[in-house]
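In: This is the structure alone, sequence omitted:
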């Protein structure tokens, strides 16, 4: 018997969200649409230049866990916060959503990770992440019973940035497979793929990872091609199951030689694209671990993504379960 | 020469905002639509029961100062935060909006004030305020040069809750009047009016306050009547200028026997009424200190209120100046 549908593992981050003009990104050398890693000094500098902001718990895999729980799924999360105010906010929010979160907080002076997100007038988000306490996440934070009791263990490619998280992930994958479970990852960001291409391909080709989430840019980056069809063909060969998102063009699911196209839901007023990929994964994995067809998994993913981009902040403030019922998907 | 259009003085608070059902308010004895004062223990209890939340700088007069600056006005703010993470967020947000904020933070262990705001399905907000560092705000926090250099000094009725803020306000009013400036207050909340009715009436009747902001419920509470017309007549007699808001019915401005009705702007999708009154005051005072007619002041107030209730959080995330230009008001 499983205890959880999905365990997600990632950098535990609080988002600080503000609007800005495109010129601000250029002036401050922020790569648009990307996750830019920054140190403590640059974090302080950028915050001093940032406009009025709002704060919300984030972190890619944290958003996915919250989304799965919001659908009514059973979710758990591993991630490292500090024993400080932002860490308290992160812990509150993920637990209040019903996610099991037991990772012990860091008690040194290193603060909880934060991501300054600048949303430009086109609603695209550009992220600047100071990893803080996340750099201390390691194998000692893996609760084997939770991994063994989860149908799918899902992790962020972003975890290859901190030094010891990859060791924790390899432990998770081993435990999961020993218990007949599945392992999934998101490629996270095209620049992240650029940093760890060989390792990500090895995770897939070695069978460490069974299910891969990617967007179009990440897939192109992974295979260093501009030919999307070629990237899809190679991705299908490299993993058992993959879901590739394409913004307003929806998603395509790759399974055993089959390609299943899923249309996007139309969003009239896109406010902030933060969390779109994370929530797609949430919808898909909720469906997948609850016995839905791959097409319906894709639809649940597109639905959740459409809801999060119509609001500011990375976790839907309304019920995904209700939305799925309304859309006739559950 | 004035340095600022408006100085606002209030409890410096970070909002923690979540949605809930009406039953939650009843179960937890939260008075709907009101500002409920709570202690540290109840704050911890309520937070443990609260759903996933987002954080945003708030505080009634802080929101008003931010709104005035967002319109392009010159604003200053007095209010007490602690030297902690939430205090840093408050300070960042108000300064990033262009508001002059120099009050020194409290360095004891008392934390920055927070307000847990529960937004019910009807979009009404019910507030639960733990005053924290605000209880230490006093006359020593008044910068006389800022008061003397501001056309209007505006404060919250809520400042009668902490012990020594009223002394600071009386100092501010004296300095303002000695320098030929005006003093304004908001009645804040109908229950707050209930707590300090005699003192608020005395502030008005003694000429300590020149301009009063009130909503319908507060005006009715002030004069302990259910007859709104009677309340308006009495309010007009008790102060030189008053602006009374009536939600979707707009506002009425009382000036020297005259009543000027101002219609509300239609809002299709009200998300969260937090900040409506604060932003009405911002628009009104921006217009007032920039030589606009009383009717236009009212329209600017209604415009700002209409923008803040169409979003989650108490400070508009878009440009009020642009909105005023678009509406033909500046």
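Out: Good, I have the coordinates. No experiment lies behind these values; they were computed from the predicted model shown.
In: host element of residue A:284?
Out: Residue A:284 belongs to helix A:276-288 when elements are defined using DSSP states H and E.
In: Quick check: beta-bridge partners of residue A:183?
Out: Beta-bridge partners for residue A:183, by DSSP bridges, are residue A:153.
In: What distance do you get for the spatially most central residue of chain A to chain B?
Out: Residue closest to the average C-alpha location in chain A (C-alpha atoms, centre = their mean): residue A:60, at 3.1 Å. Per C-beta to the nearest C-beta, to the nearest Å, residue A:60 is found 16 Å from chain B. C-betas here are computed from N, CA, C, even on glycine.
In: Was I right to think that residue contacts residue A:186?
Out: Yes. Residue A:60 is within contact range of residue A:186, at 6.7 Å (criterion: C-beta atoms under 8 Å).
In: Touching both of these two, which residues are there?
Out: Taking C-beta atoms under 8 Å, 6 or more residues apart in numbering or on different chains as the contact rule, residue A:60 and residue A:186 both touch A:156, A:277-278.
In: what comes up buried for stretch A:273-285?
Out: Going by neighbour count (16 or more other C-beta atoms under 10 Å in any protein chain shown), the buried part of stretch A:273-285 is A:273-285.
In: Could you do stretch A:171-185 as well?
Out: A:171-173, A:175-177, A:181-185.
In: And stretch A:198-212, by the same measure?
Out: Buried residues in stretch A:198-212, counting neighbours by 16+ other C-beta under 10 Å, are found at A:200-201, A:203-204, A:208-212.
In: Can you redo those as JSON lines, where the extra columns are distance to chain B?
Out: Output for the buried residues of stretch A:198-212, formatted as JSON lines (distance: C-beta to the nearest C-beta, whole Å):
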{"residue": "A:200", "distance to chain B": "31"}
{"residue": "A:201", "distance to chain B": "36"}
{"residue": "A:203", "distance to chain B": "31"}
{"residue": "A:204", "distance to chain B": "33"}
{"residue": "A:208", "distance to chain B": "32"}
{"residue": "A:209", "distance to chain B": "29"}
{"residue": "A:210", "distance to chain B": "30"}
{"residue": "A:211", "distance to chain B": "26"}
{"residue": "A:212", "distance to chain B": "28"}
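In: mind listing which of these are in helices?
Out: Of the buried residues of stretch A:198-212, the ones assigned to helices by DSSP state H are A:200-201, A:203-204.
In: tell me which of the residues you listed is nearest to residue B:233?
Out: Closest approach between these and residue B:233, by C-beta to C-beta: residue A:200, at 73.7 Å.
In: Kindly confirm whether my reading is correct that the closest one touches residue A:156.
Out: No. Look at residue A:200 against residue A:156 with C-beta under 8 Å: they stay out of range, at 11.3 Å.
In: Please name the residues that touch the residue nearest to the centre of chain A.
Out: A:10-11, A:156, A:158, A:186, A:188, A:277-278.
In: Repeat the analysis, applying 6 Å as the threshold.
Out: Applying C-beta atoms under 6 Å, 6 or more residues apart in numbering or on different chains to residue A:60 gives the contacts A:10, A:156, A:278.
In: thought the second one was touching residue A:61?
Out: Yes. Taking contacts as C-beta atoms under 6 Å, residue A:156 lies within contact range of residue A:61: 4.8 Å.
In: Give me the common contacts of the two.
Out: Shared contacts of residue A:156 and residue A:61, defined by C-beta under 6 Å, 6+ apart, are found at residue A:10.
In: what does chain A have sitting close to chain B?
Out: Where chain A comes near chain B, counting by C-beta under 6 Å from any C-beta of the partner chain, the residues are A:51-52, A:54-56, A:85, A:93, A:96-97, A:313.
In: Most neighbours among those, which one?
Out: residue A:56 (28 neighbours; other C-beta atoms under 10 Å in any protein chain shown).
In: helix/strand/coil for that residue?
Out: strand (DSSP: H, G, I helix; E, B strand; the rest coil).
In: quick one: contacts for it?
Out: Contacts of residue A:56 (C-beta under 6 Å, 6+ apart): A:15, A:313, B:54.
In: could I get these as a markdown table with pLDDT and distance to residue A:325?
Out: Formatted as a markdown table, those follow (pLDDT from 0 to 100; distance: C-beta to C-beta, whole Å):
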| residue | pLDDT | distance to residue A:325 |
| --- | --- | --- |
| A:15 | 98 | 28 |
| A:313 | 96 | 23 |
| B:54 | 98 | 25 |
